[in-house]
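Sequence unavailable; structure follows:
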């Protein structure tokens, strides 16, 4: 056969002679190369991808809005949790311990270990005068990490770029989210790992490696804040949707194994320290879990404004009544759409946990916000597609912008502007004053004034006994670094290792610095829980009063010093 002769191939029949058919030349054979959906086109420049440019723009906007006055607003003393987590991170770095007092398994330590890692790598404790600012800086880092994860998750559940960007904007820029996302709460770190777990579970490539990484991320989320476990059924459902039937069993086995190994490390820590089971003379994991689940006083009904839960929900609504409220009907609609059901299930579970009447923590809304933003944006995107896609797809015209036909541009651009106008007309008037307050007010002044008063009127003198101070955790690290003999008020009467330092009770206290939260807790606590602390206040003389209302700080001089 010469090079010019057509090549042939034979088909041999069972009952007849061989039939010779011509084989098409190589140049005539199809050259289409199959490509995985997540494989970038060869030679494509990432910085020219519209999605990359949108995400970068959203990150810049988020950083500006979140970062402006983030260490000054909200107030540093309206909650003690910020100071507690930052104090524990400080103890990890400077004492080599898991907490600044006896670690008693109230929360897994991964959250403040991450804060400590950031502070150690960046020297954050040396860069800020107020220690709580270190935690708030890391919250900005977590927020910026959550932005691309939100965008990718919205895209993977079917939203186009516009509605994916809308999901990010609702998550990052609404005042309810911004208020709590600035606070150094473990929940803000948990959100990042939770979103990463859902993004990996929804991977279009359906790879086992992605599902294994999803389990790893969710395990870190649990070890950061254990309450995220409630959305595990939704993540498993997302994983089931994102797996190929042929590898579903293998994927499930890997997911369970990795998640069990990561979460089991917390149990292993307690076992190695002989602190798993109750016993005399040590803390234990079982008692801490029992306290978290059963012994904490319930917050009451969210529908009763007189209960703690009702007041918490009312405070959320005061910041933004729109996002979570719109997410409720969006959840019902999302349950009808297969690709949106995992997110809808996660949100529904969290709302159900709120309605059960148990203990409701103030930061609970932090994990609700990204789910609410995702549902509102993706449901709007689904309604958009179902109404207009059929009409627009039937139109054929020359290519217009970004691969869309001119007809598509003519329909979608006005509709997108209409959605923006609706959000701007309804949400922004309610958001604007709250965002302005968060971005302009300096609410750190009472703490700075109280610390300045202590420096001026009760300084630590070399060679002399340092003044004994009872204080909230919001100022614990700041006074500790100044050399005071400082104790967190919560431990003075409840921790035997601390109580021995006050053999004469309140007479061994030189100064008691009371925040408004301490006073509110004192009203609801039994005298036995705060005997020394309350006696120090009652026998002390008020020498400094800074701030007003929830931000007020009072300094009492107690001892004869």
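Nice, I can see it. This one's a predicted model, so the numbers in the text were calculated from it and none came from an experiment.

which non-adjacent residue is nearest residue 200?
Counting by CB to CB, 6 or more residues apart in numbering, residue 200 lies nearest to residue 214, which is 3.7 Å off, once chain neighbours are set aside. The C-beta positions use only the backbone N, C-alpha and C, and glycine is treated the same way.

Could you say which helix or strand holds that neighbour?
In this structure, residue 214 sits in helix 208-224 according to DSSP states H and E.

Can you give me the buried ones in that helix?
Neighbour-count burial for helix 208-224, counted by 16 or more other CB atoms under 10 Å, picks out 210-224.

now, which of those residues sits nearest residue 356?
Using CB to CB, the shortest approach to residue 356 within the buried residues of helix 208-224 belongs to residue 222, at 20.3 Å.

check contacts around that closest one.
Residue 222 makes contact with 108, 228-229, 262-263 under the criterion CB atoms under 8 Å, 6 or more residues apart in numbering.

Now do the strands in the stretch 351-500 of the chain.
With DSSP state E, counting those that start in this stretch as the criterion, the stretch 351-500 of the chain has strands at 468-471, 485-488.

Pick the most deeply packed of the ones you listed.
Comparing these by mean neighbour count (mean count of other CB atoms under 10 Å), strand 468-471 comes out on top with a mean of 24.

to the chain's geometric centre, what's the distance from stretch 213-225?
Mean-position distance between stretch 213-225 and its chain equals 12 Å (CA atoms, centre = their mean, to the nearest Å).

what's the average pLDDT for it?
Across stretch 213-225, the average pLDDT comes to 97.

ok, now stretch 379-391?
Averaging pLDDT residue by residue across stretch 379-391 gives 68.

Quick one: buried ones out of the contacts of residue 222?
108, 228, 262-263.

Could you dump the residues you listed into JSON lines and include pLDDT, distance to residue 305 and secondary structure?
Compiled in JSON lines, the buried ones among the contacts of residue 222 are given as follows (pLDDT from 0 to 100; distance: CB to CB, whole Å; DSSP: H, G, I helix; E, B strand; the rest coil):
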{"residue": "108", "pLDDT": "95", "distance to residue 305": "34", "secondary structure": "coil"}
{"residue": "228", "pLDDT": "96", "distance to residue 305": "28", "secondary structure": "helix"}
{"residue": "262", "pLDDT": "97", "distance to residue 305": "41", "secondary structure": "helix"}
{"residue": "263", "pLDDT": "96", "distance to residue 305": "38", "secondary structure": "helix"}
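
ok, which pair from these is furthest apart?
Using CB to CB, the buried ones among the contacts of residue 222 span at most 12.8 Å, a distance reached by 228 and 262.

quick one: low-confidence ranges for this protein?
With pLDDT under 70 as the threshold, the chain has low-confidence stretches at 1-48, 386-427, 525-528, 560-561.

Which parts of it belong to which domain?
Under the assignment named as automatic domain parsing, the residue ranges that make up the domains of the chain are 107-276+306-440, 445-557.

how many neighbours does residue 283 have?
Other residues within reach of residue 283 by the criterion other CB atoms under 10 Å amount to 17.

Without its sequence neighbours, what residue ends up closest to it?
Distance criterion CB to CB, 6+ apart; nearest residue to residue 283, sequence neighbours excluded, is residue 104 at 4.0 Å.

Tell me if I'm right that that neighbour and residue 285 touch.
No. Using CB atoms under 8 Å, residue 104 is not in contact with residue 285, being 9.1 Å away.

closest to residue 58 out of the domains of the chain?
With CB to CB as the yardstick, what comes closest out of the domains of the chain is domain 107-276+306-440 (5.0 Å).

For the closest one, measure first residue to last.
Using CA to CA, to the nearest Å, one end of domain 107-276+306-440 lies 33 Å from the other.

got it, and stretch 228-235?
11 Å.

do the same with stretch 474-487
In terms of CA to CA, the two terminal residues of stretch 474-487 are separated by 12 Å.

Show me how far it is from its chain's centre.
Mean C-alpha position of stretch 474-487 versus that of the full chain (CA atoms, centre = their mean) differs by 28 Å.

What residues of it count as buried?
474-480, 482, 484-487.

check contacts around residue 218.
Residues counted as contacts of residue 218 (CB under 8 Å, 6+ apart) are 193-194, 197, 228, 232, 235, 259.

tell me the angle the next helix or strand after the helix holding residue 214 makes with helix 208-224.
Once helix 208-224 ends, the next helix or strand along the chain (criterion: DSSP H and E) is helix 232-241. Relative orientation of helix 232-241 versus helix 208-224 (axes from the mean of the first three to the mean of the last three CA atoms, to 10 degrees): 170 degrees.

Show me which residues of helix 232-241 are buried.
The neighbour-count check on helix 232-241 (16+ other CB under 10 Å) flags 232, 234-239 as buried.

CSV please, covering these and showing distance to residue 189.
What follows is the buried residues of helix 232-241, written out as CSV (distance: CB to CB, whole Å):
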residue, distance to residue 189
232, 18
234, 19
235, 17
236, 22
237, 24
238, 21
239, 22
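
Show residues contacting the strand or helix carrying residue 112.
According to DSSP H and E, residue 112 maps onto helix 110-122. Helix 110-122 is touched from outside by 85-86, 88-90, 92-93, 124-125, 134-135, 137-138, 141, 184, 186, 189-190, 220, 223-225, with contacts defined as CB under 8 Å, 6+ apart.

Now do the buried residues in it.
Quick answer for helix 110-122 (16+ other CB under 10 Å): 110-116, 118-119.

What's the separation between the closest residue to residue 213 other than its chain neighbours and residue 89?
Closest residue to residue 213 in three dimensions, ignoring its sequence neighbours and counting by CB to CB, 6+ apart: residue 200, at 5.0 Å. Computed as CB to CB, to the nearest Å, the residue 200 to residue 89 distance reads 27 Å.

Those two - which one has more neighbours?
The neighbour comparison of residue 200 against residue 89 (other CB under 10 Å) goes to residue 89, with 31 against 27.

and the host helix or strand of the more buried one, how far from the chain's centre?
Secondary structure from DSSP H and E places residue 89 in helix 81-94. Between the mean C-alpha point of helix 81-94 and the mean C-alpha point of its chain there is a distance of 18 Å (CA atoms, centre = their mean).

Okay, angle between that helix and helix 110-122 too, please.
Helix 81-94 and helix 110-122 are oriented at 60 degrees to each other (the same axes, to 10 degrees).

before we move on, back to that, give me the secondary structure label for the residue nearest to residue 283.
Reducing the assignment to helix, strand or coil with DSSP: H, G, I helix; E, B strand; the rest coil, the entry for residue 104 is coil.

Over to it: give its phi and psi.
For residue 104, the backbone dihedrals (degrees, to the nearest 10) come out as phi -120, psi 20.

So which bits of stretch 508-518 are buried?
For stretch 508-518, the buried set under the neighbour-count rule, 16+ other CB under 10 Å, comprises 509-518.

Just the ones of those residues in strands?
In strands, judged by DSSP state E, the following of these are found: 511-515.

The stretch 51-200 of the chain: helices as residue ranges?
Counting by DSSP state H, counting those that start in this stretch, the stretch 51-200 of the chain has helices at residues 81-94, 110-122, 124-127, 132-156, 161-173, 175-182, 186-201.

what does the stretch 401-550 of the chain give?
Remark: helices of the stretch 401-550 of the chain, listed N- to C-terminal, are 406-440, 445-457, 476-482, 489-492, 496-499, 516-524, 531-539; assignment by DSSP H, counting those that start in this stretch.

Of those helices, which is nearest residue 164?
Each of the helices of the stretch 401-550 of the chain was scored for nearness to residue 164 using CB to CB, and the closest is helix 406-440 (12.5 Å).

just to revisit the earlier point, residue 104 and residue 285: who's more crowded?
residue 285 (20 against 17).

how about the nearest residue to the more buried one, chain neighbours excluded?
Closest residue to residue 285 apart from its sequence neighbours, by CB to CB, 6+ apart: residue 270 at 4.1 Å.

cool, and residue 477?
residue 131 (3.6 Å).

Surely the one you found and residue 84 touch.
No. Applying CB under 8 Å as the test, residue 131 and residue 84 come out as separate, 11.2 Å apart.
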